[in-house]
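S.K.: I need the structure of the sequence given here:
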Amino acid sequence: VWRALQGCAFATAFNAAATLAADLAPKSRLSQALGWFGVAFLATNSAAPLIAEPLAEVAGWPLVFGVAAVMGCCASAFATRLPEGSQEAARAAASSSSWGVLLQPRVLAMYFGSLVAGVGLGTAFTFHQPFALQRGAERVGGFFLGYTAAAVFVRIFLGSLPDRLGRLRVGRVAILGYAVVVACMSQLTPSWLVPFGLAFGFVHGM
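M.R.: Numbering: from 1, shown residues only. Modelled structure (predicted):
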């Protein structure tokens, strides 16, 4: 129940923030702007395990979740200072039919691509940890460290590629990369946690 509530909060906050970032960004640099937005989000994927695992060993998991809750409250306070998005975009959205937009073939194809990518992301994030522990790993934070390093590198230094080469073209390659990396993770061993994290972070960053 708590996880469901946290998931709803996460999805709402992330979608609202990403939409605001897209609304405020110059359209010719949309991919790059979303890349930088993603860097701020992705950095925590590396920092959190590095902080949480040692803290849990010393003080227990209740303190870890307590610290995370305090950070969530701070984020809520900071969010009150964010600027409003474009009123023109809001009026355009209000004047269009939600179902009319959602049922367009290209939009449905995009959602399907997001769905299968999400399955790959969820599988890799959720199950690599027990799988690695079963294979003899003592810590699993290395995967997130590699993932974050690669994703941040891509979004900072290659973030403009979709704007220049075409977002659909780059998206196709990234989705294919998802499939290859997740399939190869069936051979995961403790020593490969960081390399798989780097590979997954690269395709996810794209």
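S.K.: what strand or helix carries residue 36?
M.R.: Residue 36 belongs to helix 30-59 when assigned by DSSP states H and E.
S.K.: for the helix or strand following that helix, buried residues please.
M.R.: Of the helices and strands lying after helix 30-59 in sequence (DSSP H and E), the nearest is helix 61-79. Within helix 61-79, the residues that count as buried by 16 or more other Cβ atoms under 10 Å are residue 64. In this view, the C-beta of every residue, glycine as well, is placed from N, C-alpha and C.
S.K.: residue numbering should commence at 51 henceforth.
M.R.: Renumbered: residue one is now 51, and that last one reads helix 111-129.
S.K.: quick check, residue 85 in contact with residue 202.
M.R.: No: Residue 85 is not in contact with residue 202 according to Cβ atoms under 8 Å; the separation is 9.2 Å.
S.K.: shared neighbours of the two, anything?
M.R.: residue 255 (Cβ atoms under 8 Å, 6 or more residues apart in numbering).
S.K.: neighbour-wise, which of these two wins?
M.R.: Higher neighbour count among residue 85 and residue 202: residue 85, with 25 against 21, using other Cβ atoms under 10 Å.
S.K.: show the contacting residues for the spatially most central residue of the chain.
M.R.: Centroid-nearest residue in the chain, with Cα atoms, centre = their mean: residue 92, separated by 6.4 Å. Applying Cβ under 8 Å, 6+ apart to residue 92 gives the contacts 197, 198, 201, 202, 205, 251, 255.
S.K.: got the contact list for the last one?
M.R.: Listed by Cβ under 8 Å, 6+ apart, the contact partners of residue 255 are 85, 88, 92, 200, 201, 202, 203, 204, 205, 208.
S.K.: mind putting the residues you listed into a markdown table with pLDDT and distance to residue 53?
M.R.: Output for the contacts of residue 255, formatted as a markdown table (pLDDT from 0 to 100; distance: Cβ to Cβ, whole Å):
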| residue | pLDDT | distance to residue 53 |
| --- | --- | --- |
| 85 | 83 | 29 |
| 88 | 82 | 23 |
| 92 | 77 | 21 |
| 200 | 91 | 27 |
| 201 | 87 | 24 |
| 202 | 86 | 27 |
| 203 | 90 | 31 |
| 204 | 88 | 29 |
| 205 | 85 | 27 |
| 208 | 85 | 34 |
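S.K.: what's the farthest-apart pair in those residues?
M.R.: 92 and 208 (13.9 Å; Cβ to Cβ).
S.K.: where in this structure is pLDDT low?
M.R.: 135-148 (pLDDT under 70).
S.K.: redo that, cut-off 80
M.R.: 91-97, 99, 134-152, 191 (pLDDT under 80).
S.K.: show me where it has helices.
M.R.: 52-74, 80-109, 111-129, 137-145, 148-152, 155-184, 191-207, 211-215, 217-234, 243-255 (DSSP state H).
S.K.: helices or strands next to the first one in the packing?
M.R.: Meaning helix 52-74. Here helix 52-74 touches helix 80-109, helix 111-129, going by 3 or more Cβ pairs under 8 Å, 6 or more residues apart in numbering; DSSP states H and E.
S.K.: and it, how far from the chain's centre?
M.R.: The chain centre lies 11 Å from the centre of helix 52-74; the measure is Cα atoms, centre = their mean, to the nearest Å.
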